[in-house]
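# Next comes the sequence, and after it the predicted model I'd like to discuss.
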Amino acid sequence: MPTPRSLTGAAIVLTAACLGASGATAHDAEVPRPEARRSQSALNVVATLEHYGAIAKLVGADRVKVNVIVKGSQNPHTIAVKPSYSVLFNKADLLVANGQLIELGWLDTALINARNANIMEGHPGFVNCSIGVDIIPYASEEIEGTPFFILNLGVGGTMRLGNHHYWLDPGNTTIIAKNIADKLAEVDLPNAPYYRGTYEQFATHFGEHLKEWDKQMEPFRGMQLVSYHRSWNYLLRRHGLKVFDYIEPKETLPPSAAYMASLVDRMKRSGVKIILAETYQNRPIIDEIARQTGAKALILPSSVSEDLGIKTPFDFFDRLYRELVPALQAARTS
Ligand SMILES: [Zn+2]
């Protein structure tokens, strides 16, 4: 399992450089002591992805005000930095990030412009939600030569990258919630017992739903399906299903005509009946592969998304399994 990598290392170096010779002292003075926070005012939380914003709302409840940058209906791989992100970060007490480089390309820039050292990685106001998650590594042939890989090398990354879609295993939801609750308690010490309480309540409630979802998926162990992007690997690993292949030959790369023809041929020969894709993927490509193979295309939300009427992680996984379970059932018996 790769160790979580620095998202904001470059930003911290640049910030330190801007502070000049007295950088260390000025920097230390800027970080407020946790006990200095007033317990009465709501904490300003900014989540990079809407899914994490929804979890932060449940754990922080009425002690937090949550803003999100990337909506659940958006493609999180193609985000362009906007000045409004830095405005939100400037006022934030806590930044909740996915990590594993999904925010690569915009978060470092937005943080540099935000001038708020408290929420930089390594400071109390930064949550990397992937801490403690069993991250699936990419094989090098899945990422080499892709924009994602080249961008990572450009900021000093190594070849060993992990799949960033870990929130799609419902079993990781309580790990994410715990990471957020621990940091809320750290930046808002007077309310620490409150956050521990809301987390425990959430974890118990979520655990009950998880048992039910696991039970629903049990009959489909060993089934194979095609996935558009490498998004569903965590969900499928949890339930013992296999990815036959991907529509994207490499991370975020669109398929060529030759690749699509070969995929269609292999799907037909192996009898793969289901294609999983996110709502933001290229619909004509999915429809064409479905048409040629007779497989069912399941277009699924891949995050909490108020635009799609999904407000909480409970709603999200309920919706996911409500679509997935009958489709798997039909594919198994057809
Ligand atoms: Zn991805």
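In hand now; what should we look at? Because the structure is predicted, anything quoted here is derived from the model rather than measured.

# which stretches of the protein have low pLDDT?
For the chain, the stretches with pLDDT under 70 are 1-40, 155-160.

# how's it carved up into domains?
Per automatic domain parsing, the structural domains of the chain span 9-210, 216-333.

# Pull the distance from the shortest one to the chain's centre.
If I follow you right, that is domain 216-333. 18 Å (Cα atoms, centre = their mean, to the nearest Å).

# if we can go back for a sec, could you export the domains of the chain to CSV, including columns for mean neighbour count?
Every residue, glycine included, has its C-beta placed from N, CA and C. CSV is the format used below for the domains of the chain (neighbours: other Cβ atoms under 10 Å):
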stretch, mean neighbour count
domain 9-210, 18
domain 216-333, 17
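
# Pull the distance from the longest helix along the chain to the chain's centre.
Determined from DSSP state H, the single longest helix within the chain is helix 192-217. On the basis of Cα atoms, centre = their mean, helix 192-217 sits 19 Å off its chain's mean C-alpha point.

# could I get the following helix or strand past it in PDB with only the CA atoms?
Later in the chain than helix 192-217, the nearest helix or strand by DSSP states H and E is strand 224-227. The C-alpha trace of strand 224-227 is given here as PDB (Å, rounded to 0.1, in the frame of the first residue of the first chain):
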ATOM      1  CA  GLN A 224     -17.400 -10.100 -14.300                       C
ATOM      2  CA  LEU A 225     -18.300  -6.800 -15.700                       C
ATOM      3  CA  VAL A 226     -16.800  -4.000 -17.800                       C
ATOM      4  CA  SER A 227     -16.100  -0.700 -16.200                       C
END
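
# Indicate each strand paired with strand 224-227 and its parallel or antiparallel sense.
Applying DSSP bridges, strand 224-227 is found paired with strand 242-246 (parallel), strand 274-278 (parallel).

# I'd like those strands as JSON lines, with distance to residue 111 appended.
Shown next, in JSON lines, are those (distance: least, Cβ to Cβ, whole Å):
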{"stretch": "strand 242-246", "distance to residue 111": "32"}
{"stretch": "strand 274-278", "distance to residue 111": "27"}
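
# Now do the helices in the stretch 101-250 of the chain.
Here the stretch 101-250 of the chain has its helices, by DSSP state H, counting those that start in this stretch, at 107-114, 140-143, 147-154, 173-187, 192-217, 233-239.

# Mind putting the ones you listed into a markdown table with distance to residue 162?
Compiled in a markdown table, the helices of the stretch 101-250 of the chain are given as follows (distance: least, Cβ to Cβ, whole Å):
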| stretch | distance to residue 162 |
| --- | --- |
| helix 107-114 | 17 |
| helix 140-143 | 10 |
| helix 147-154 | 11 |
| helix 173-187 | 14 |
| helix 192-217 | 23 |
| helix 233-239 | 11 |
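
# Let me know which of these is the nearest to residue 127.
Checking those against residue 127 by Cβ to Cβ gives helix 173-187 as the closest, at 4.5 Å.

# same for the closest one, what does it pack against?
Using 3 or more Cβ pairs under 8 Å, 6 or more residues apart in numbering; DSSP states H and E, the elements in contact with helix 173-187 are strand 43-49, helix 50-60, strand 94-97, strand 126-128, helix 192-217.

# one more time with 7 Å
Counting contacts by 3 or more Cβ pairs under 7 Å, 6 or more residues apart in numbering; DSSP states H and E, helix 173-187 is packed against helix 50-60, strand 94-97, strand 126-128, helix 192-217.

# possible to save the ones you listed as a markdown table with distance to residue 114?
Formatted as a markdown table, the helices and strands packed on helix 173-187 follow (distance: least, Cβ to Cβ, whole Å):
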| stretch | distance to residue 114 |
| --- | --- |
| helix 50-60 | 17 |
| strand 94-97 | 9 |
| strand 126-128 | 12 |
| helix 192-217 | 24 |
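
# how about those, which one is nearest residue 267?
helix 192-217 (22.1 Å).

# The closest one versus helix 50-60: what angle between them?
Using axes from the mean of the first three to the mean of the last three Cα atoms, to 10 degrees, the direction of helix 192-217 lies 130 degrees away from that of helix 50-60.
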